[in-house]
Every structure is written in C-alpha cells, then in structure tokens.
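**Q** here is the input, now give the coordinates:
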Amino acid sequence: MHIWKDDPRSWFEGLCEEGEDPEEPSSVTIPIATFASPAITKERVPYCNDCPAGVPAHSLAIHLPDQDWVDRTIREYGPDHPYVIAKVHAKFPKGGGGLTIPVTWVETAQQSDDPTGPGWRRLCDLGVEKETATHTVKDGAWVRLGVDVAADGGDEFVISRIVGDVIETRHCASGTINDDQVLLAEKVLEEIRAAQRLATALRSPHPVRVKVDQNGIGHGVVSMLKRWADTGRYQAQIVGVMVSESPTQNDPGAQMRPYRKRDEMWLASRGLLQPDPSTGLGRLRLRVDRQTGIQLSTPRLGSNAAGYSVVESKKAMKQRGMKSPDRADAALLAVYEPEPINPPRRRGLLN
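**A** Numbering: from 1, shown residues only. Coordinates of the predicted model:
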C-alpha cells in the first residue's frame, strides 16, 4: 500500500499522475482511504505477528487507524487541511501550498536526530535543577523564551523556550487564572530564572532574552517584568512585541514581504524550518507537544492588495473551526528577534 504524501506537488504525485496517462502508463495507482481500514469496516484480518513474545494473540486491526483517529484528526486539523486530504482521504491536496508552514517541514523538524560528539551535551546531564530534557545542545548555546499571553483571559497562556536550535513548550495554561497579570508575570519570572541557570551551565555568552506578546493584557505583564528587572530580580532582557505593528525592517526585493510583525514572525520561522535540498533538514529541531506541531501547520498564507504576505489571523482561523494557535505563537516568539541585541549607534556630531 502506498503512503500518500501531504507535501503538494511532490515527486510521488508526479509519478502517480504519469500512471493515469492512458497512452503511456508508467505506474499503477491504487488509492486506499483510511475509511477502508479494517478497524473501521470491521473486516476480518490476520493475527498480528510483530508484537513481542508474551503479548496475547490479537487482530492486526488494533494497530490500524480507527474512526476515533479519523474524527480527532479532522477536528484538530480541519476538514480541508492537506494532512487530512492526504492521510484520511488518500488524495493529493490541491492548493495545499497555501499553508504558511507545510506539515512535512514540521514533521521533519520533530523527527530530526540530535547531534552528538564533542561540544554537544544533553540538557539533563548538565546538573541544572529540574532540567529533564534529554535532547542535546552545543556548549555556549543561546537561551531564549517566547511568551504568548492569553487575550483577555481567553485561549491559552503559553511559554516556549529555544536553546540553540531546539524549541520546547515549557508551560501551557487556560482558564480564569489567566486573568491575573501578576500570576502570569510570576510564572514567566520562574521560567526566566530556570533559563538563566541553564545559560550559566552552558556558558552562554548571550543574556537570556524574553519576547512577550504585549497585545491586550500582555502589556501589563511586560511592564511588571521590566520593573522587576530594574530592581535586580534577574538579568534577562525583556522585549515586548506588538505583533500588530509594521515590521521595523523592510526589504522591497524580498520574495515574501511581511505586512505586520506577526507575519514577519511566522515567515522568519518558515525560512528556518524549510529543509535544505542538500540535507533534507531545516535549521530548527522541534521538541514540542502534538498540539504545538499541529498549530504550526494550520495558518494559511495569503497576500493583500499591496503585495505583502499575510498570515491567516486568529479570528479567521476560529471562523473555520480552528483553535487559536497560541502554542505555535509562543514557539515562534522564542525564535523571533524584532530588534537587535545591541542597537547600532547613530552617527553624527552629537553621538
């Protein structure tokens, strides 16, 4: 049985299209949708021979996708998502290139191997308090945080961390607790102190940098964090990000010009996740939960009348039944640098 790829216009799609040519058929294409799974049709199938010795005899059907998997996949991705079209319906997604970050890029970053060798160390081996991550990072890696504050107490409050090239989801919370800006700021402070301990163990030459979405109640969280920094409670850099503002840098010759900072944030991470043709790998490793991975490949990419690239808004996503991508936004904020660490000095007689 062939496995359909959800990457639009892949070589596999071209091979199947060649097979559909009645004059020169080069292959035979047999689409098998998930609905044909014996776990759904209740068709009798042989016993499983792959499980270890000692496991009670059972039908092979229990290892195949069932109706619950189909329902959950459609609910999480949406009925017209390329992943659903490919994996559930066994069809090639047409127009699936409209996603800001393709599913296959996210999966590649999730499945990439951890480097080993001189200078690479597992985080859990550094002796840092409460550090349990098992992936490797390089000595001197930069530690950064991204914070997406739940808008008006709704959605999720999320903190993500990137150490070198590895992104993790550190904290997620929803409910009335997100209405209290002080509690939110204290949780961020807890993660800042953990990040500082990690940066010290890695001998990082850069200060911990924290990017916080300061739209809505996030503005109050940013103000408290900056105040605590001024009083010496920590040494990290706090950067408030107004994602609705225009980007600070504009390259008229760029292939994709972001309209707002939120678009710039998504396009920047898109570029880092895009696999290099020579290696098949992107420049980021994702060690995130399932929901974060799904959210990273959910927003669509379009353009406005002025030719700027625009990432689908949270409001538009909710209108088509999708959740707000708060976990993805926090992960991308960790990577995003809206302003340089050391702003360049102006030249002039008074400077």
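**Q** three-state assignment of Glu264?
**A** helix (DSSP: H, G, I helix; E, B strand; the rest coil).
**Q** what sits against it?
**A** Residues near Glu264 by Cβ atoms under 8 Å, 6 or more residues apart in numbering: Pro247, Pro258, Tyr336, Pro338. Yep, even glycine has a C-beta here, placed from its N, CA and C like the rest.
**Q** want to try TSV for those, with neighbour count and secondary structure as columns?
**A** Below are these laid out as TSV (neighbours: other Cβ atoms under 10 Å; DSSP: H, G, I helix; E, B strand; the rest coil):
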residue	neighbour count	secondary structure
Pro247	19	coil
Pro258	22	strand
Tyr336	22	coil
Pro338	19	coil
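**Q** wait, which of these is closest to Thr108?
**A** Tyr336 (20.6 Å; Cβ to Cβ).
**Q** distance-wise, check Ile74 relative to Asp155.
**A** As judged by Cβ to Cβ, to the nearest Å, Ile74 and Asp155 stand 21 Å apart.
**Q** for the residue nearest to Ser244 when sequence neighbours are not counted, report the pLDDT, please.
**A** Leaving out its chain neighbours, the residue that sits closest to Ser244 by Cβ to Cβ, 6 or more residues apart in numbering is Arg260, at 5.9 Å. Per-residue pLDDT puts Arg260 at 93.
**Q** again with Ser269
**A** Listed pLDDT for Ser269 reads 94.
**Q** now it, what's its secondary structure?
**A** Under three-state DSSP, Ser269 comes out as helix.
**Q** ok, back up a step: my guess is the residue nearest to Ser244 contacts Glu245, does it?
**A** Yes: using Cβ atoms under 8 Å, Arg260 is in contact with Glu245, at 6.7 Å.
**Q** which one's more surrounded, these two?
**A** Between Arg260 and Glu245, Arg260 has the larger neighbour count (other Cβ atoms under 10 Å), namely 19 against 13.
**Q** give me the below-cutoff pLDDT ranges for the stretch 201-350 of the chain.
**A** For the stretch 201-350 of the chain, the stretches flagged by pLDDT under 70 are 250-255, 340-350.
**Q** tell me where it has helices.
**A** Along the stretch 201-350 of the chain, the segments classed as helices by DSSP state H, counting those that start in this stretch run 218-230, 261-273, 290-296, 314-319, 326-335.
**Q** distance check, Pro102 against Leu286.
**A** Separation of Pro102 from Leu286 (Cβ to Cβ): 13 Å.
**Q** quick one: contacts for Asp165?
**A** Residues near Asp165 by Cβ under 8 Å, 6+ apart: Val137, Arg283, Leu284, Arg285.
**Q** list the beta-bridge partners for the first one.
**A** Pointing back at Val137 there. Arg121 (DSSP bridges).
**Q** that one touches Ile162, doesn't it?
**A** No: using Cβ under 8 Å, Val137 is not in contact with Ile162; the gap is 9.9 Å.
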